[in-house]
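Novice: Quick check, what structure comes out for this input:
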Amino acid sequence: MDIKNFDFKQLNLIKAKKSKTEKYIICDKFNKKIHETLDDVYVPFGIEKWNNTQLLNIEINPNKNNKQLNINALLKSYDDIFREQIKLHHNVDNKTYYSFLKDSKYGCIMRTHISDYPKITKCSDINSGSDIIKMTSADIVKNNVKITLSLSTLWFTDISYGVTWDVVSMELL
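Specialist: Here you go, the predicted structure:
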């Protein structure tokens, strides 16, 4: 997706069924998921479980190189657009926007969700060519990965709102 020409009004928000909070699945105007691939990002902690959800934090260090600087700018653009556009299109008075980005010692941490763990347990094994190996959470801790994310849901609670990104695929670098 071209973030420079991003138009919130062109999104399809489909109300999610069976949810404890008000949630909308985010799709483009053609009902396709919006994907971003982030090349060479750092996984500081591995997969965490919180509130029946599997989470993966990825770290972006804009001081490391130009690629990281561009990834950081892209993610902050998404964050800013959603923060502002949701205010224009939904009643969020007295609610706090919960960003998917948090400042860290080296730049920022992006919190992602893992909704289908088997989809991310495969990666190319560089040592044996095109063979596929299974990864565990321990394999990705403190390693760099190429990760494809899907802009997943817009959610609201009584006091806050935000968007989530789901991990679609991941390759250990």
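
Novice: the strands in the protein, which residues?
Specialist: 12-15, 22-27, 34-43, 47-50, 53-60, 96-97, 101-103, 108-114, 122-124, 132-134, 143-156, 160-172 (DSSP state E).

Novice: Which of those strands has the lowest mean pLDDT?
Specialist: Note on the strands of the chain: strand 122-124 shows the lowest mean pLDDT, a mean of 50.

Novice: picking up where we left off before, can I get the strands of the chain in TSV with distance to residue 77 and mean neighbour count?
Specialist: In short, each C-beta sits where N, CA and C put it, glycine included. Converted to TSV, the strands of the chain look like this (distance: least, CB to CB, whole Å; neighbours: other CB atoms under 10 Å):
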stretch	distance to residue 77	mean neighbour count
strand 12-15	20	12
strand 22-27	16	17
strand 34-43	11	17
strand 47-50	26	13
strand 53-60	13	20
strand 96-97	15	13
strand 101-103	11	12
strand 108-114	13	20
strand 122-124	28	16
strand 132-134	34	11
strand 143-156	12	20
strand 160-172	13	20
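
Novice: Pipe the ones you listed into JSON lines and attach distance to residue 79 per row.
Specialist: Formatted as JSON lines, the strands of the chain follow (distance: least, CB to CB, whole Å):
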{"stretch": "strand 12-15", "distance to residue 79": "18"}
{"stretch": "strand 22-27", "distance to residue 79": "14"}
{"stretch": "strand 34-43", "distance to residue 79": "12"}
{"stretch": "strand 47-50", "distance to residue 79": "20"}
{"stretch": "strand 53-60", "distance to residue 79": "12"}
{"stretch": "strand 96-97", "distance to residue 79": "9"}
{"stretch": "strand 101-103", "distance to residue 79": "5"}
{"stretch": "strand 108-114", "distance to residue 79": "9"}
{"stretch": "strand 122-124", "distance to residue 79": "28"}
{"stretch": "strand 132-134", "distance to residue 79": "33"}
{"stretch": "strand 143-156", "distance to residue 79": "11"}
{"stretch": "strand 160-172", "distance to residue 79": "8"}
